[in-house]
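J.: need coordinates for the following:
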Amino acid sequence: MTPADIQDALTRAGRLLARLEAARDGDQKTLAERTRLVAAAKGRLAQRDAIDTYLRELQQDANRRSVATFETLLTALVQEVLPGEKPVRLDLTTERGLPALDIGVERPDGGREDVLEDNGGAMTNVVGMALRLIAVVKAGVGRFLALDEADCWIAPERVPAFYRVLDDGAARLGVQCLAISHHDVAGFDAGLTVSRIAGRPETGVAIEGPAGPCASQWTPDRPGFRFIRLIDVQGFCDATLPLSPGVNALVGPNNYGKSTVIRALRAVFYGEVRDSLVRAGRSAARVEIGVAGGRVLRYVRQPKRTPVNLWSLHEADGSLVQEAGTTFETGGRDVPPWVERLYGITRVEELDVHVAHQKFPVFLLGEKPARRSAVLSIGREAGLIRDMQALQRERVTEDQRTIREGEREITRLHERLAAFDGLDALAETLHGLHDQAAALAGAAARLRDRAALAERLSRAERLATGAAARARALADLPGPEVGADLGRALAEARNREALGRRVLGAVADLAGAQGRVAALADLPPEAPQPRDTAQAASHAARLRRLRAGLADADGRAQALRDLPAPPVPVLRPDAAATARRLAEIGRRLAEAQGREAASRDGLAAAEAEMAEVLAATGGRCPACGTPAAPAALLAGHRHVPAGEAA
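T.: Below you'll find the predicted structure:
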């Protein structure tokens, strides 16, 4: 495996180690968080009983404070309407961790009687009416109350007192009331606004009431209902019941439609309605309620049409109200949320607090004690405490689940972290391997440098050996004096060769000139005259050139005739052998001179490379480490053993 392969393997191992360390750190962080959450949940559960006791005592204390107020108020109302009656007593207990309220009266002997079971209807009417007023106020909902025959069990002579109490309580609490009664309450000594049923259902029931005085009591922004208009609602063709801010009474004969007003209100605000609400022979029933700002809340029941119920809110000019891009018109079977939001008439603990049903005049007395306490639980303070108790129960459940699931998760994390126990040792080992790999890489680099140096030394030795062999070959050559004789002999031979070539050239020129002279001698003395043509002119010019050339040739021939005949060298047998020997000696001398020049060049290259080697080793012999010069190494340096060098 090469150092590069080792480095790649270590890099991959480092990446894997980093991923393992990240997984371990993540598990450790999760373990710490789970441990913290489980510890906090166990700490809260350890305080569970104390918190439950505190909230229960807080609830009881809040209820107890309100109970005292309720007892005083209910007792005063009962004794105002029914003088001499026993005082009302409220007992607050606990059922299944929730407050439970018992409503009774106190007997002279200190015992208790149940209001509903142990007393007459008059007591039930008065207490039920008072409880409704309290519930409307304490529940924090819309302050409107509609009572249907709430005075039915009270003796006629006590009815005026009942309405005086109702009027006083409504005025003090700011509650608008509508009371349906079969008594003639017009002469009662109370600030009531009385309207009467007129007409008959067969021809259309009408309502006679003080519309003007009622309208004069309202300011545009005051909350409350200004009127209730019934169009094609059971026995009513088109009738309007005017309402004042206080207590309003609607009286009239039995079975003439007084309770139809209550049915219309339950349809608008509770969604309790049947097709029988529509007047016979009509296609739809419509209820309109005047509200603040001149607006009208309209409800329409239209059988066999879609939607069967339609709620809408209209401006004074009849147009639909639009606010924040929302049009207040909704169809369906359920009351739109915006109706409850705007007017606050809704069920409290699933009980009809605002609009009493004629067939169920008793309010709250027939409910279980825990539900009584919930309805009267004394408003927002008790409601907040109940919310705190519910939140505590949810938190206990959540803490139990956190502990159960957290402990399982903690066990699993411990098991996972156990697999990482040797990770730190592995990291140290990997770091050590990285150091060793770096050391190996450095050693490999040094080894490559030494191998290159050895290669250069080997090449230098080969050059030195060749140079030495060439030097030995040159030593066998003749000395400088023999070389000088040979040079002079060769120069003389070259001169003679050149002279012979010139003589041979002159002989050839003489032979050519003699041939041309012979040719010219045969020409006639007078050349014929050609015709005067272009071709003749050309021939004449050519003849003139030939004559000139002939004259020139005659001059050279005359000159050559005056030269002496060249001597013909005579080559003796020993002279020919000597010439061949001289030629061979000249060739060998040229080859020797070439080898000498090559040897000098090789020796110079060897000395230069040896100088580079010595520079790389600091001027010391690579083999024995002693100081040496390039020439000494080439001349045969003697290596000193390590002991002697020391």
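
J.: any idea how many residues pack against Thr277?
T.: Just so we're on the same page, residue 277 is Leu rather than Thr. Residues lying near Leu277 (other Cβ atoms under 10 Å) number 22. Backbone N, C-alpha and C define where each C-beta goes, glycine included.

J.: wait, doesn't it sit right on Gln302?
T.: No: Leu277 is beyond contact range of Gln302, at 10.7 Å (criterion: Cβ atoms under 8 Å).

J.: so which elements touch the helix or strand encompassing Phe162?
T.: Counting by DSSP states H and E, the element that carries Phe162 is helix 159-173. In terms of contacts (3 or more Cβ pairs under 8 Å, 6 or more residues apart in numbering; DSSP states H and E), helix 159-173 is packed against helix 48-81, helix 121-138, strand 176-181, strand 247-251.

J.: what average pLDDT does that helix get?
T.: Helix 159-173 shows a mean pLDDT of 88.

J.: what angle separates that helix from helix 121-138?
T.: With axes from the mean of the first three to the mean of the last three Cα atoms, to 10 degrees applied, the angle from helix 159-173 to helix 121-138 works out at 10 degrees.

J.: now helix 159-173 - C-alpha only, PDB.
T.: Provided in PDB are the C-alpha atoms of helix 159-173 (Å, rounded to 0.1, in the frame of the first residue of the first chain):
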ATOM      1  CA  VAL A 159     -97.600  38.900  42.200                       C
ATOM      2  CA  PRO A 160     -97.100  42.700  42.500                       C
ATOM      3  CA  ALA A 161     -94.300  42.100  45.100                       C
ATOM      4  CA  PHE A 162     -92.800  39.500  42.700                       C
ATOM      5  CA  TYR A 163     -92.600  42.100  39.900                       C
ATOM      6  CA  ARG A 164     -91.300  44.800  42.200                       C
ATOM      7  CA  VAL A 165     -88.500  42.500  43.200                       C
ATOM      8  CA  LEU A 166     -87.800  41.600  39.600                       C
ATOM      9  CA  ASP A 167     -87.800  45.300  38.500                       C
ATOM     10  CA  ASP A 168     -85.500  46.300  41.300                       C
ATOM     11  CA  GLY A 169     -83.100  43.400  40.700                       C
ATOM     12  CA  ALA A 170     -83.000  44.000  37.000                       C
ATOM     13  CA  ALA A 171     -82.400  47.700  37.400                       C
ATOM     14  CA  ARG A 172     -79.600  47.100  39.900                       C
ATOM     15  CA  LEU A 173     -78.000  44.400  37.800                       C
END
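
J.: so what touches that helix?
T.: Residues from elsewhere that reach helix 159-173 (Cβ atoms under 8 Å, 6 or more residues apart in numbering): 77, 80-81, 125-126, 129-130, 133, 136-137, 143, 145, 147, 151, 154, 175-177, 179, 181, 183, 185, 188-192, 246-247, 249.

J.: before we move on, what about stretch 310-319?
T.: So stretch 310-319 is contacted by 268, 293-300, 302, 320-321, 328-331, 335-336, 338-339, 342 (Cβ under 8 Å, 6+ apart).

J.: then that stretch to CSV, C-alphas only?
T.: Output in CSV follows, covering the C-alpha atoms of stretch 310-319 (Å, rounded to 0.1, in the frame of the first residue of the first chain):
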residue,chain,number,x,y,z
LEU,A,310,-81.3,32.2,7.6
TRP,A,311,-79.8,34.8,9.9
SER,A,312,-78.9,38.3,8.8
LEU,A,313,-78.0,41.7,10.2
HIS,A,314,-79.3,44.8,8.4
GLU,A,315,-78.6,48.5,8.6
ALA,A,316,-81.4,51.0,9.2
ASP,A,317,-81.9,51.3,5.4
GLY,A,318,-82.4,47.6,5.0
SER,A,319,-78.9,46.8,3.5
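
J.: quick one: distance of it to the chain centre.
T.: Between the centre of stretch 310-319 and the centre of its chain there are 48 Å (Cα atoms, centre = their mean, to the nearest Å).

J.: could you pull out the buried residues of that stretch?
T.: Neighbour-count burial for stretch 310-319, counted by 16 or more other Cβ atoms under 10 Å, picks out 310-314.

J.: circling back to that earlier point, any of the contacts of helix 159-173 buried? List them.
T.: 77, 80-81, 125-126, 129-130, 133, 136-137, 143, 145, 147, 151, 154, 175-177, 179, 181, 183, 185, 188, 190, 192, 246-247, 249.

J.: looking at the buried residues of stretch 310-319, which are in strands?
T.: If you go by DSSP state E, the buried residues of stretch 310-319 have 310-314 in strands.

J.: Lys258: which of those residues is nearest?
T.: Trp311 (24.4 Å; Cβ to Cβ).

J.: give me the number of residues near Ala604?
T.: Ala604, neighbours per other Cβ under 10 Å, totals 12.

J.: that one and Gly14, how far apart?
T.: As judged by Cβ to Cβ, to the nearest Å, Ala604 and Gly14 stand 53 Å apart.

J.: equivalent analysis for Ala473, please.
T.: Relative to Gly14, Ala473 is positioned 64 Å away (Cβ to Cβ).

J.: now Ser195
T.: In terms of Cβ to Cβ, Ser195 sits 94 Å off from Gly14.
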